[in-house]
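Trainee: Dropping a prediction and its sequence here:
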Amino acid sequence: MSEDGKMAMQANKSANVIKAICELYGVSLQEAVDAYYQSDTSELIEDGVADLQCRSDKYLATIIWEEHNEGKRIY
């Protein structure tokens, strides 16, 4: 696959996961985008670590949202 093809697939995956966050948790697009791009998981997806890009969008949305909420906890 060409580099352009990989980038297109990456962009599509990111958009689908962000959309899933909106749908699953009823948050705004901006909040979903922020949660996605501030997560460690999104970096792993983009780097192709552990074939995370092969996981379902809803599964990844759940992982990212959990990570987002853990960042909000005050200990």
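Mentor: Cool, the structure landed.
Trainee: Could you list the residues in contact with the host helix or strand of Tyr59?
Mentor: Element membership for Tyr59 (DSSP states H and E) is helix 57-72. Defining contact as Cβ atoms under 8 Å, 6 or more residues apart in numbering, one finds that helix 57-72 is touched by 13, 16-17, 19-21, 24-25, 35-36, 38-42, 45, 52. Every C-beta, even on glycine, is put in place using the N, C-alpha and C of the backbone.
Trainee: Run through the helices of this structure in chain order.
Mentor: 3-25, 29-37, 40-47, 57-72 (DSSP state H).
Trainee: The ones you listed into JSON lines, with extra columns for mean pLDDT and mean neighbour count?
Mentor: As requested, the helices of the chain are exported to JSON lines (pLDDT from 0 to 100; neighbours: other Cβ atoms under 10 Å):
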{"stretch": "helix 3-25", "mean pLDDT": "92", "mean neighbour count": "15"}
{"stretch": "helix 29-37", "mean pLDDT": "97", "mean neighbour count": "17"}
{"stretch": "helix 40-47", "mean pLDDT": "90", "mean neighbour count": "16"}
{"stretch": "helix 57-72", "mean pLDDT": "93", "mean neighbour count": "16"}
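Trainee: If anything else comes up later, I'll come back, but that's it for now.
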